[in-house]
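K.L.:
Predicted structure and sequence below. I'll ask about it afterward.
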Amino acid sequence: MPSGNHEPVNQVRLTNVAVVRLLRGGNRFEVACYKNKIINYRQGTETDLSEVLQTERVFTNVSKGQFANSKTLQKCFNTSNEEEVCRFILDKGDVQVSDQERAAQLENTIREVASMVAEKCVGPINRRPYTITQIRDAMKSAGFMVHPTRNVKQQFLDCVKLIPKKKVLDIERAKMQLALVLLDNHDSVDDEDGVLERRRNATNLLIEEGVAKSDIVPQKDDEDTTRIIFLSDPSLYRKMEGIAKNSSVQGRIEIIQQCVTEEGDVTLGSELERRAQQKQQHDEAEEERANRNVDSVDSLTNNIQSNLALNESATSKEDNHYELPPQITNSRKAQKAQQKKSKKAKRREKEEQAEKDERIAAEKTRQKERAERLGIAEGSNGATAEPSIASGGGDTKPCNTCGGSFTPGEYRSHFRSDWHRYNVKLKMKGVAPISEREFELCDADEFFS
């Protein structure tokens, strides 16, 4: 008779399966799907069930091949049509993702984030984009972790902030090329002067929001439409729309180019010329900012001088009655309150010191009465030690707090005893220590309190 285990030949196992599971009405329902097809179905790119499901049957356990009966389907889904139930499970169920699928999904998300960073970011100096390989290496060096279910755009924004923060790679968002179109205002008496004034106002507002003056290029179309073309950071787009809707501007924003990058080959001469031009623009912007600060300081100084002159004239018209300013009055009140507080603190310290002296005197009196009661001479310090074993010859150590001599073993146990601890407390309070016999007569509650 042949030996060995024989598996049944009529059992068909489903392999390479992605399972979608749903718990409903206290029962478990599963459908067997092809891998990487569930996401396409839920995104709407795949509508044919035969391309998604390996078999259009509803299971209670896919791994064991157990089907759900029609009565259970009718009870839980109010229908026994398995196609409708399969669609419901695909829409509402939980996908049982394998490790390989999870790794593939994570790799896809990393690739999308890196591609978006390479597409929308450039170097701050040369204004040229980086490759996807460079971006992925920078993400890895900066320790950026991709979340598989989070929005890709939000992860892109976090990655752009993290890479420069970790100083792994010099990178920034590529600027957008926008156009501010000034709408025609035919109601004004002098249309040309009105357009010039609105263009001047728009230019000033753009510079205040952080747009470089060199990036602003006003121009006029064939249709007599004034356009102001400028470069702006993508994060300032909402503010640019607010400037366009301003009553002093009256225009609209148009997007000319999403990402402005440098293209073509780089030569040494062009690179040096571009850097010199950038340095000149930076110096001009700094000089203009400094001039604005000086103007603001001058205006503030003039306002202060005018206010002082007005105060002096008002003071000369008043009588000779002089009143203390409220600030000085408040400061004097604060000083008086501080003096009162310090007096109270000193008085409290004196009272606490007096109470402490009274406690020490009472303890000394109690110790003296106890010593007299035990027959100890009044002139002694009450520190006569009575160790259990007399200090004879040999290697002994004395205790400076309790007195007496102890062998090495007794010395260690003595320092852990309650008698020694109590004498240490008395010594800290300035009271003479007591003997072991006196300690045995002490009240335990008083010691531990």
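P.N.:
All right, it came through fine.
K.L.:
okay, CA-based contacts and neighbour counts for the rest of this
P.N.:
Noted.
K.L.:
Could you break the chain into its assigned domains?
P.N.:
18-96, 100-173, 176-257, 354-448 (automatic domain parsing).
K.L.:
and of those domains, who's closest to Ala285?
P.N.:
domain 176-257 (7.5 Å; C-alpha to C-alpha).
K.L.:
now that closest one: mean pLDDT?
P.N.:
In this model, domain 176-257 carries a mean pLDDT of 78.
K.L.:
coming back round to it: worst mean pLDDT among the domains of the chain?
P.N.:
Among those, domain 354-448 carries the lowest mean pLDDT (a mean of 72).
K.L.:
Show me where the protein has its strands.
P.N.:
Secondary structure of the chain, counting by DSSP state E: strands at 18-24, 27-33, 59-61, 66-67, 94-96, 121-122, 172-173, 176-182, 217-220, 226-232, 251-257, 397-398, 405-406.
K.L.:
who does the fourth one pair up with?
P.N.:
Spelled out, it's strand 66-67. strand 59-61 (antiparallel) (DSSP bridges).
K.L.:
Please apply the same query to the fifth one.
P.N.:
Under the criterion DSSP bridges, strand 94-96 sits next to strand 18-24 (antiparallel) in its sheet.
K.L.:
which parts of the partner strand are buried?
P.N.:
By neighbour count on 16 or more other C-alpha atoms under 10 Å, the buried set for strand 18-24 is 18-22.
K.L.:
do stretch 236-243 as well
P.N.:
Judged by neighbour count (16+ other C-alpha under 10 Å), stretch 236-243 contains these buried residues: 240, 243.
K.L.:
List the neighbours of that stretch that are in contact with it.
P.N.:
202, 205-206, 209, 249, 252-253 (C-alpha atoms under 8 Å, 6 or more residues apart in numbering).
K.L.:
how far does whichever helix in the chain runs longest sit from the chain's center?
P.N.:
In the chain, assigned by DSSP state H, the helix with the most residues is helix 268-317. Helix 268-317 has its C-alpha centroid displaced from the chain centroid by 36 Å (C-alpha atoms, centre = their mean, to the nearest Å).
K.L.:
Run through the neighbouring helices and strands of that helix.
P.N.:
Under the contact definition 3 or more C-alpha pairs under 8 Å, 6 or more residues apart in numbering; DSSP states H and E, helix 268-317 sits against no other helix or strand.
K.L.:
picking up where we left off before, list the ones among the contacts of stretch 236-243 that fall in helices.
P.N.:
Using DSSP H, these in helices are 202, 205-206.
K.L.:
For the residues you listed, which single residue is the most surrounded?
P.N.:
Ala202 (23 neighbours; other C-alpha atoms under 10 Å).
K.L.:
Which residue is the nearest non-sequential neighbour of that one?
P.N.:
In space, and not counting its chain neighbours, Ala202 is closest to Val249: 5.7 Å by C-alpha to C-alpha, 6 or more residues apart in numbering.
K.L.:
In contact with Lys245, which residues?
P.N.:
Counted by C-alpha under 8 Å, 6+ apart, Lys245 has contacts 251-252.
K.L.:
I'd like the numbering to begin with 20 instead of 1 from here.
P.N.:
Okay, using 20 as the starting number, the last item reads as Lys264.
K.L.:
ok so, going back, please produce TSV containing the domains of the chain, extended by distance to Gly288.
P.N.:
Converted to TSV, these look like this (distance: least, C-alpha to C-alpha, whole Å):
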stretch	distance to Gly288
domain 37-115	51
domain 119-192	13
domain 195-276	21
domain 373-467	84
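K.L.:
between the ones you listed, which gets nearest to Ala328?
P.N.:
domain 195-276 (33.4 Å).
K.L.:
Quote the end-to-end distance of the closest one.
P.N.:
6 Å (C-alpha to C-alpha, to the nearest Å).
K.L.:
count of neighbours near Thr222?
P.N.:
Neighbourhood size, Thr222 [other C-alpha under 10 Å]: 21.
K.L.:
From Leu215, how far off is it?
P.N.:
Going from Thr222 to Leu215 by C-alpha to C-alpha gives 11 Å.
K.L.:
Next, the contact list for the closest residue to Gly449 other than its chain neighbours, please.
P.N.:
In space, and not counting its chain neighbours, Gly449 is closest to Ile379: 7.5 Å by C-alpha to C-alpha, 6+ apart. Neighbouring residues of Ile379 by C-alpha under 8 Å, 6+ apart: 448-450.
K.L.:
repeat that for 10 Å
P.N.:
373, 385, 445, 448-450 (C-alpha atoms under 10 Å, 6 or more residues apart in numbering).
K.L.:
next one: Leu125
P.N.:
Going by C-alpha under 10 Å, 6+ apart, the list of residues near Leu125 reads 119, 131, 165-168.
K.L.:
Could you dump those residues into TSV with neighbour count added?
P.N.:
Listed next are the contacts of Leu125 as TSV, based on neighbours: other C-alpha atoms under 10 Å:
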residue	neighbour count
Gln119	9
Glu131	17
Val165	17
His166	12
Pro167	15
Thr168	9
